[in-house]
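**Student:** Predicted model and sequence follow; I will ask about them next.
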Amino acid sequence: QSLTELLQGAASARRMDFNPTSMSPSTQTLAELVIGVCVTTSHIRRAGVVRKLSFTLMGFSERPANAIILSDGEHEGKTIAEYFESRYGIRLQHPDWLCVDVTSPSAPPDRPRCYMPIELCQVKPGVRRNILAERQEAMLAASTLDPNVFLDKVKHVPTVLSEDPILRKAGIVVAREPLSDASADVLPVPTVRFANQEVRLTSWNLRGLRLLSPGGGGKRWGFVSLGDPQRADYLHQILRDQFVGPFVNTYGMNIDMSQGPAIAATIRRDGRRLTEEIQTTLAHCPKDSLAFVFIVLPDKETGRYMQAKRAFDHLEIPSQALQQDKVMPGRGNVSPQYVGNVALKVNLKMRGSNWTVNGLDFHRVMYVGIDIHHAPGAQSDTKSVLACVATNKEGIQSAVLRETPPKQEVNPQVGEMLLEHLQAWSGKPEKEFPEEIVIVRDGCGRGLLEQLVDVELSAVRNALLSFGYAEDKLPCLAVLVATKRHKIRFVSRRGGNVDPGTVVTDDRVVHQASAVTSTNFYMVSHKGRLGTSKPMHYSVLVNNKPGRPDSDLYQLLYNMCFGHQRSTQAVSMPFIVFSAHLAAERARLYVDDATETARRVERLPNFWQ
């Protein structure tokens, strides 16, 4: 379907005139409707072959195609209508129509907008359309309802549905009681150990706590500002006194402050020019002397952030992005909570450890998280990213990545990715073997569990044998699938959210074990601060450690929810799955890059966290 036909149909359905020659009220309505629609164009031909381009629409232009003047390049001074005629031999049938805005959402705000004539666009079939802003707000409001209010609304649903005339005419009867009682257990809170004390809470603040294993190695720090160069000296002072100072004096990081920053630069570039400028600026700075570098961003524009992070990854220098308005709030000091959150991230990037959790034995057990990250619906042709993250004997995490066909959930490459982690674990010259491996797989629904067992578990077994385990001496293995793709919610009988550590195995709400699962259960591991807590559903595929009851496995998973070292509270899923999700998102910096700087990435830098 052409975009013209889509707009004509939308105008007809709303009994509006279709005459997009100016931004009239009816045209404004159509402009809002097309936001997020994905279109393709086929006006480019090379050697007789049509090259299709895909765009996501951002609205309409303010002027028609015969009034928008190009401002750069060899066609400077021509209108868009004249450009298409001279460049492609296409004479627009409606040069007086407005164009559609196809500017990339990640483009810098100071870059000229990109427009395309409406008549050259075809609507891409099978693409999910973005939800309108007001509907997003309504969904967000519904998801943040107080648990008691949420419960009352759920109780009222059967009454509303039973009175619906269409359902009644179809003979559909809705049960009057939508709620079920369920018994549950609450697990004990594990102990979280810092360098100077222990805490046993579901959430904590960093006041008075020193990080367990500070990073830095006595190296220097630096910063690169992408904002106003006239504020560089003031920025230097704030970063030194309110960030690096507390890193060293409060949290115990080993950073050399005696010589000032190893690099202090301001760069005003965008896109590939930004990447090139960063590489040029740091070319003569010995990276072996750098513990990390701050990247201070002037705004929340994602394109600039991605280019800067990609440049530092290429240089193999740890970097931490900061928002300028957070660093220089205008009045008073920087929020101590913000400084603490940044400190946790920086210490991880410097290969430090923030805390450890009792019950997690990194010297004996390898913890593995697997997640797959798909492109949004409008990018259905973009490859997915499979991430496998594992711990070493010190609890430090590394990430192995693979590109996969779009939307593919189950992947045999899991085996070779695990083998890479085992080889990194073993060390040289003596080969060591983990006694136990705990694998938590995210992002796989119940309908794919049998396929996952056939494909991925077989690949894991082959990887263990390839590594050197004997057939009769394989490590103890626990393999679970974690998912939030369900509609179950739990509310305490006393009102409000259930306590963190709540485990539900009640047959009235939990699916029975099947041919591929030994146990299924729900767990709420985090403290719900807004709305009704959503439990995580776990399917246990393998749990072959002799003498380990299911209750010990529940406790192990709960303990793992305290190990996410970027959050000062128990999180909703085991830390290693959070890390796999983060690694897959970081890999998008490369997979989504459409420039010639894009490259295949199979392992993130050591400082990826």
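**Tutor:** On my side now, so go ahead.
**Student:** low-confidence ranges in the chain?
**Tutor:** Along the chain, the model assigns pLDDT under 70 to residues 106, 108-110, 128-133, 178, 269-272, 376-381, 428-429, 589-603, 605-609.
**Student:** Just to confirm, which residue in it is farthest away from the center?
**Tutor:** Using Cα atoms, centre = their mean, the residue of the chain lying farthest from its centre is residue 169. It sits 44.7 Å away.
**Student:** just the helices in the stretch 401-550 of the chain please.
**Tutor:** For the stretch 401-550 of the chain, the helices defined by DSSP state H, counting those that start in this stretch cover 414-426, 449-452, 458-467, 550-560.
**Student:** Next, format those as CSV and append mean neighbour count.
**Tutor:** Where C-beta positions appear, they are placed from N, C-alpha and C, glycine not excepted. Below are those laid out as CSV (neighbours: other Cβ atoms under 10 Å):
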stretch, mean neighbour count
helix 414-426, 20
helix 449-452, 17
helix 458-467, 17
helix 550-560, 19
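**Student:** For those helices, give me CSV that also has distance to residue 488.
**Tutor:** As requested, the helices of the stretch 401-550 of the chain are arranged in CSV below (distance: least, Cβ to Cβ, whole Å):
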stretch, distance to residue 488
helix 414-426, 28
helix 449-452, 17
helix 458-467, 29
helix 550-560, 17
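**Student:** Which one of those helices lies nearest to residue 577?
**Tutor:** Minimum separation from residue 577 across these (Cβ to Cβ) falls at helix 550-560, 8.5 Å.
**Student:** Only C-alpha atoms, please: export the closest one in PDB.
**Tutor:** In PDB, the C-alpha atoms belonging to helix 550-560 read as follows (Å, rounded to 0.1, in the frame of the first residue of the first chain):
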ATOM      1  CA  ASP A 550      14.100 -27.400  45.400                       C
ATOM      2  CA  SER A 551      14.000 -25.000  48.400                       C
ATOM      3  CA  ASP A 552      17.800 -24.600  48.200                       C
ATOM      4  CA  LEU A 553      17.500 -23.700  44.500                       C
ATOM      5  CA  TYR A 554      14.900 -21.100  45.400                       C
ATOM      6  CA  GLN A 555      17.300 -19.600  47.900                       C
ATOM      7  CA  LEU A 556      20.200 -19.600  45.500                       C
ATOM      8  CA  LEU A 557      18.200 -17.700  42.900                       C
ATOM      9  CA  TYR A 558      17.000 -15.200  45.600                       C
ATOM     10  CA  ASN A 559      20.600 -14.700  46.700                       C
ATOM     11  CA  MET A 560      21.600 -14.000  43.000                       C
END
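**Student:** Show me what it is packed up against.
**Tutor:** strand 436-442, strand 476-483, strand 519-524, strand 536-543 (3 or more Cβ pairs under 8 Å, 6 or more residues apart in numbering; DSSP states H and E).
**Student:** Tabulate the ones you listed in a markdown table, adding columns for mean neighbour count and distance to residue 372.
**Tutor:** Written out in a markdown table, the entries for the helices and strands packed on helix 550-560 read as follows (neighbours: other Cβ atoms under 10 Å; distance: least, Cβ to Cβ, whole Å):
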| stretch | mean neighbour count | distance to residue 372 |
| --- | --- | --- |
| strand 436-442 | 23 | 8 |
| strand 476-483 | 21 | 12 |
| strand 519-524 | 22 | 21 |
| strand 536-543 | 21 | 16 |
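**Student:** Just put those strands in a markdown table and tack on distance to residue 407.
**Tutor:** What follows is the helices and strands packed on helix 550-560, written out as a markdown table (distance: least, Cβ to Cβ, whole Å):
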| stretch | distance to residue 407 |
| --- | --- |
| strand 436-442 | 16 |
| strand 476-483 | 16 |
| strand 519-524 | 25 |
| strand 536-543 | 21 |
